[in-house]
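Asks: all I have is the shape, not the residue letters:
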């Protein structure tokens, strides 16, 4: 295991730097922040609009499941995942409403059958990942759920593990708890190596809040889900010598923000991709998890705002799709380009040297000329999923965007699904359906004309 302490004086550096709040889900003492309060937001998209072309023709919304609330309490959706005919929808509510499970036997009529990870008041659950695993300790369907405090220093966050082999009756197996000074696990991923199961966690700002006691990126062995065991941690100062108090100066001398936001692996479980905000996407060889090694990274030009939020892989893992979540389209730094966050495509045949080959920007996220001309809403890209040569993007007020990446250097938008007053957080492809979680209005199901499943 690797661990280093923060440099002395990092707190003073932090207080002197730019505000921590950089993302929709940036973790602060107040938890919820003000990201949802967009003037005129309710008038963003008064009607549902669906358009489709190559690979996504004949799109049709077949279900829109409003939240009835759980135990009489309403909440927002967070991410969405699907596994073996069930949809798992995470939620964002101060009283901990956990993960809601829907039977998708009839996708036009999802039926809520259970809820879990809802037993820790004062927390919310953003991310859920479900995998079928087989180890000497557990065989079945394992769910990992991120747990974040609504307000820090109140109740411990971290990651909770459940047996969802019977989705109607989830059973709690284990909990990896972070210090109360750390908000919790933000995003996470499950992977397997033979009969070994690994949990990779992005614990945003853990390095800063714990003063180096816990790092932002941690790998745990959960072969026995009842006993999650950390086997590797990574300190950002190993890469950037100027890293201190969650900031560093890049090669151009620009003060940049750095924290682990999300993580995923390739299908082999040998490589991890950690979205580390302005530090870029970090590529680790985790074939030996205890000795994981940083082997490559993406970086940003002087005019690019950074904000590496999440990734997907395409073309057999040779193309990296990097989503950048930028909520300040009119940056105060005149050296930064204007416009909401967009997607960058990298050739990673040589993982030690990612090469930028293209980008995709929705019409609304593209740079605009005059200040104040933007329509109400937030048009930054959020999360990516890939099936074959089609990239699916959750895009908040821009709904779900669908992009042909047959030639990743020349991505072409081929379809979109923008529900009324869209506020799309997550997207997942399950068989012949697009699942989308709308923060304000619940689970959406769109039928498409081609199959496949994306993770």
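Replies: Great, that's in hand. Worth saying up front: this structure is predicted, and the values here are computed from it rather than measured. Numbering: from 1, shown residues only.

Asks: tell me how many other residues crowd residue 337.
Replies: If you count neighbours by other C-beta atoms under 10 Å, residue 337 ends up with 15. Heads up, the C-betas are built off the backbone N, CA and C, glycines and all.

Asks: next, it: phi, psi?
Replies: Backbone dihedrals for residue 337, given as degrees, to the nearest 10, come out at phi -70, psi 150.

Asks: how close does it get to residue 331?
Replies: Distance, residue 337 to residue 331, by C-beta to C-beta, to the nearest Å: 8 Å.

Asks: and what of residue 390?
Replies: Using C-beta to C-beta, we find residue 390 at a distance of 31 Å from residue 331.

Asks: neighbour-wise, which of these two wins?
Replies: Neighbour count, other C-beta under 10 Å: between residue 390 and residue 331, residue 390 has more, with 23 against 14.

Asks: surely residue 195 meets residue 135?
Replies: Yes. Applying C-beta atoms under 8 Å, one finds residue 195 in contact with residue 135, separated by 5.0 Å.

Asks: overlap of the contact sets of these two?
Replies: Residues touching both residue 195 and residue 135 (C-beta atoms under 8 Å, 6 or more residues apart in numbering): residue 223.

Asks: the two: which is more packed in?
Replies: Higher neighbour count among residue 195 and residue 135: residue 135, with 18 against 12, using other C-beta under 10 Å.

Asks: for that one, which non-adjacent residue is spatially closest?
Replies: residue 223 (4.5 Å; C-beta to C-beta, 6 or more residues apart in numbering).

Asks: burial check on that neighbour, number of neighbours?
Replies: That count, for residue 223 with other C-beta under 10 Å as the rule, works out to 21.

Asks: please apply the same query to residue 316.
Replies: Other residues lying near residue 316 total 9 when counted by other C-beta under 10 Å.

Asks: remind me which helix or strand it belongs to.
Replies: Following DSSP states H and E, there is no helix or strand that holds residue 316.

Asks: now the helices for the stretch 201-350 of the chain?
Replies: With DSSP state H, counting those that start in this stretch, the ranges of helices along the stretch 201-350 of the chain come out as 206-209.

Asks: residue 422 against residue 397, yeah?
Replies: Yes. Residue 422 is within contact range of residue 397, at 5.5 Å (criterion: C-beta under 8 Å).

Asks: shared neighbours of the two, which are they?
Replies: Counting by C-beta under 8 Å, 6+ apart, the residues touching both residue 422 and residue 397 are 44-45.

Asks: between the two, tell me which one has more neighbours.
Replies: Higher neighbour count among residue 422 and residue 397: residue 422, with 26 against 23, using other C-beta under 10 Å.

Asks: wait, what's in contact with the residue nearest to that one when sequence neighbours are not counted?
Replies: The shortest distance from residue 422 to any non-neighbouring residue, by C-beta to C-beta, 6+ apart, is to residue 399 (4.3 Å). Contacts of residue 399 were listed using C-beta under 8 Å, 6+ apart, and they are 45, 49, 416-419, 422, 424, 436.
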